[in-house]
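Peer 1: Have a look; sequence and predicted model below, questions after that.
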Amino acid sequence: MPELLDDHKQLLKLFTEIGQEYAAERFTQLPLLLRDFGTLLREHLLKENVKLYIYLKHTLADDPESAALTQGFRSEMHGINRTVTRFLSHYILDEWDEQRRKQFGADLDAIGKVLVKRIETEESVLYPLYQPPKPKASTASDREPGFFRT
């Protein structure tokens, strides 16, 4: 999970930078920062889908309650991803007139609240369900015969 936790830190750092650029009224940098944020978010979600959700689906097959919780997280994340993607597309592609600048602040705040809540929930509820396989204990048959040891 360290890789996913690091992604969360990077996402929050970049999101904070976007907020700082907006507050400083440096609107020309925002489309590039938003693109970077979108790329990082997509990469993170891909990792979660491949490394976390698929793993949990298999390991929690005998635990219907945890499996349902995991599926709920996954479904919720799809909805959040669609919302964030619309937000990013809206502000990356269009001109930044006065109305768009004002609306961006409110939209950014709303996305930030969802992002922070989701990260906190993933780290406190979902990620603890992930327990990587423990290394298999070595047995006598796994060891090399004495004359091969160095």
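Peer 2: Thanks, I have the structure now.

Peer 1: buried stuff in the longest helix along the chain?
Peer 2: Secondary structure assigned by DSSP state H gives helix 64-93 as the longest helix of the chain. For helix 64-93, a neighbour-count test (16 or more other C-beta atoms under 10 Å) marks 67, 69-70, 73-74, 77, 80, 84, 87-88, 91 as buried. Backbone N, C-alpha and C define where each C-beta goes, glycine included.

Peer 1: Which strands or helices does the very next helix or strand once past it pack on?
Peer 2: Where DSSP states H and E defines the elements, the next helix or strand beyond helix 64-93 is helix 98-121. Packing partners of helix 98-121 (3 or more C-beta pairs under 8 Å, 6 or more residues apart in numbering; DSSP states H and E): helix 2-23, helix 64-93.

Peer 1: which residues touch helix 98-121?
Peer 2: Helix 98-121 is contacted from outside by 8, 11-12, 15, 18-19, 22, 25, 27, 30, 73, 76-77, 80, 83-84, 87, 90-91, 94, 96, using C-beta atoms under 8 Å, 6 or more residues apart in numbering.

Peer 1: on that earlier part again, where among the helices and strands packed on helix 98-121 is average confidence lowest?
Peer 2: Here the helices and strands packed on helix 98-121 differ in mean pLDDT, and the lowest is helix 64-93 at a mean of 90.

Peer 1: What is the neighbour count of L30?
Peer 2: 18 (other C-beta atoms under 10 Å).

Peer 1: Let me know the distance separating it from N49.
Peer 2: 28 Å (C-beta to C-beta, to the nearest Å).

Peer 1: ditto for V125
Peer 2: Taking C-beta to C-beta, one finds V125 at 18 Å from N49.

Peer 1: centroid residue for this protein?
Peer 2: H44 (4.4 Å; C-alpha atoms, centre = their mean).

Peer 1: rewinding a little: tabulate the helices and strands packed on helix 98-121 (JSON lines), appending distance to D36.
Peer 2: Listed next are those as JSON lines, based on distance: least, C-beta to C-beta, whole Å:
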{"stretch": "helix 2-23", "distance to D36": "6"}
{"stretch": "helix 64-93", "distance to D36": "10"}
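
Peer 1: Done for today, thanks.
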